[in-house]
Each structure stands twice: as structure tokens, then as C-alpha cells.
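K.L.:
structure of the sequence below:
(chains A and B)
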Amino acid sequence: DAEITQSPRHKITETGRQVTLACHQTWNHNNMFWYRQDLGHGLRLIHYSYGVQDTNKGEVSDGYSVSRSNTEDLPLTLESAASSQTSVYFCASSESTISSYNEQFFGPGTRLTVL
Amino acid sequence: LAKTTQPISMDSYEGQEVNITCSHNNIATNDYITWYQQFPSQGPRFIIQGYKTKVTNEVASLFIPADRKSSTLSLPRVSLSDTAVYYCLVEDGGFKTIFGAGTRLFVKA
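P.N.:
Predicted structure coming up:
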């Protein structure tokens, strides 16, 4: 069965360190997304990609970067982790048909703690 | 992207029908209305999507009036396992999604 996975599921790091969160999907979806979820804020879009070599900033992209070298993966990098980036991170993917809405499939999430 | 407004929380009892209304006054012609469900420690899951009138699937119904400035998610005969956060989204099929804070539904026995 197709799926979307994230790793690690839990991560503790220190302020200033670079951290990369992995996201891998086997749906063969062109669209991939990264969100963060904080208590009381729902999900906020960090970065998204419509295909290989395409990346776009979301509403809370400062301090984060992504790269898309293949269809299956969209790693999220925190260049210099800050305590404000302690959050739960969700990756999602969707098809790229234009004629109708594209349901997003979410991964299980990564809980990141920055000390 | 049109913003949405929905109640922060709702309580219900098992077996009751629950209706969660979302307002989206600035909805555009190309926008779809979509609802997701999220359980604790899990990613959101798609429930239902519509453009106008009524849509029904095995999980829920979605009612959209003619002006499309609001929508109502209807969950028939809820159970304890329907306790979750429900998100209303409006988007144009351009793949980018804006989630609000959602409605926290608590179903009591």
C-alpha cells in the first residue's frame, strides 16, 4: 500500500544545531507540503513543492528550507534550530490534477524539541 | 485564499447529530470547501469536500448554501471515537492549503 512516512518520529536537539526532518511518500504525488502544529494554532504551512526542483515558501518559512531532488522525498531543514521551532511537524502529499480538489495525505508527524 | 471562521470547541453526546458551521465570507468562484479530521498524535485526515449544495459520503454530510459563504459539516449519530479536531478549509485547487485552528469536538458518553 502507498504511504507517507516521516523520520525521526521524535527528536531532541540543541539551539543552533542544524536539523533535517525526512519525509518520504510512495503515492507518486507531485505535490508535497510541510506544516508545523503548535497548540492553539492548528497547522501552519512552512514550505511546499509542486514537483521535482520546485519549492515555495509558506506562511511560516523563516528559518526553514526544503529541497526536492526526486518525487518521493521532501526533507525539511532547520538551518539553526531555535526554541521557537519546538513543534510537531507534519508532511503531506497530494496529486496534481487541476480539475478538482486534491486531498492531502498526511504523515504521522515528527515531534521536535529544541532545548 | 479565503479565511475561515469556525467555533473553537463543541460538546455532544453519543448518538446525537453534530453540526459544525464554518463561515468563509470571501470565498472565490474557484474555491472548494473541504473538511479534515485530526485525532491526537495523528496527522489530519480528509473527511469530505464540496463545491455547492449537498455532499454526502459514508462518514459525513456537507451542506453548502447557494451563496457559499458558509458551510456545515454534519456528523450523524456521533460516537466517542468522533472526538477530534475538525478543520474547515477553503481553497482553489491550487494545492496550497491554509488550516485554521479548527473546532475541537468532544463527545461524551
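
K.L.:
assess the claim that B:Q37 and B:P44 are in contact.
P.N.:
Yes: under the criterion of Cβ atoms under 8 Å, B:Q37 makes contact with B:P44 at 6.7 Å. C-betas here are computed from N, CA, C, even on glycine.

K.L.:
more neighbours: which of those two?
P.N.:
B:P44 (27 against 21; other Cβ atoms under 10 Å in any protein chain shown).

K.L.:
which residues do B:Q37 and B:P44 both contact?
P.N.:
Shared contacts of B:Q37 and B:P44 (Cβ atoms under 8 Å, 6 or more residues apart in numbering or on different chains): B:Y87.

K.L.:
ok, whichever residue of chain A sits closest to chain B - contacts?
P.N.:
Proximity of chain A to chain B (Cβ to the nearest Cβ) peaks at A:F106, 2.8 Å away. Contact partners of A:F106, counting by Cβ under 8 Å, 6+ apart, are A:4, A:90-92, B:42-45.

K.L.:
now a ChimeraX select for only the buried ones of those.
P.N.:
The buried residues among these can be selected in ChimeraX (16 or more other Cβ atoms under 10 Å in any protein chain shown) with this line:
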select /A:4,90,91,92 /B:43,44
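
K.L.:
TSV for the contacts of A:F106, including pLDDT, distance to A:D73 and secondary structure?
P.N.:
Formatted as TSV, these follow (pLDDT from 0 to 100; distance: Cβ to Cβ, whole Å; DSSP: H, G, I helix; E, B strand; the rest coil):
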residue	pLDDT	distance to A:D73	secondary structure
A:I4	95	11	strand
A:F90	97	15	strand
A:C91	97	10	strand
A:A92	94	14	strand
B:Q42	92	22	coil
B:G43	93	17	coil
B:P44	93	21	coil
B:R45	94	22	strand
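
K.L.:
would CSV of the contacts of A:F106 with distance to B:S61 be doable?
P.N.:
Formatted as CSV, the contacts of A:F106 follow (distance: Cβ to Cβ, whole Å):
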residue, distance to B:S61
A:I4, 28
A:F90, 27
A:C91, 30
A:A92, 25
B:Q42, 23
B:G43, 24
B:P44, 19
B:R45, 17
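
K.L.:
what segments of the chain are strands?
P.N.:
All of this is about chain A. For chain A, the strands defined by DSSP state E occupy A:4-7, A:10-13, A:19-25, A:31-37, A:43-51, A:54-57, A:64-66, A:76-78, A:87-94, A:105-106, A:110-114.

K.L.:
my question was about chain B, not that one.
P.N.:
Ranges of strands within chain B are B:9-13, B:18-23, B:32-38, B:45-50, B:53-56, B:61-64, B:70-75, B:84-91, B:103-108, based on DSSP E.

K.L.:
sheet partners, orientation included, of the longest one?
P.N.:
When pairing is defined by DSSP bridges, strand B:84-91 lines up against strand B:32-38 (antiparallel), strand B:103-108 (antiparallel).

K.L.:
right, and these - which one's nearest A:S67?
P.N.:
Nearest to A:S67, of all the strands paired with strand B:84-91, is strand B:32-38, at 27.0 Å by Cβ to Cβ.

K.L.:
any idea which residue of chain B lies closest to chain A?
P.N.:
Per Cβ to the nearest Cβ, the residue of chain B with the smallest distance to chain A is B:G43, at 2.8 Å.

K.L.:
my guess is A:A92 meets B:R45, correct?
P.N.:
No: using Cβ under 8 Å, A:A92 makes no contact with B:R45, being 10.7 Å away.

K.L.:
re the thing from before, now the strands of chain A as JSON lines including distance to B:V55?
P.N.:
Listed next are the strands of chain A as JSON lines, based on distance: least, Cβ to Cβ, whole Å:
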{"stretch": "strand A:4-7", "distance to B:V55": "25"}
{"stretch": "strand A:10-13", "distance to B:V55": "38"}
{"stretch": "strand A:19-25", "distance to B:V55": "27"}
{"stretch": "strand A:31-37", "distance to B:V55": "23"}
{"stretch": "strand A:43-51", "distance to B:V55": "23"}
{"stretch": "strand A:54-57", "distance to B:V55": "30"}
{"stretch": "strand A:64-66", "distance to B:V55": "33"}
{"stretch": "strand A:76-78", "distance to B:V55": "34"}
{"stretch": "strand A:87-94", "distance to B:V55": "19"}
{"stretch": "strand A:105-106", "distance to B:V55": "20"}
{"stretch": "strand A:110-114", "distance to B:V55": "33"}
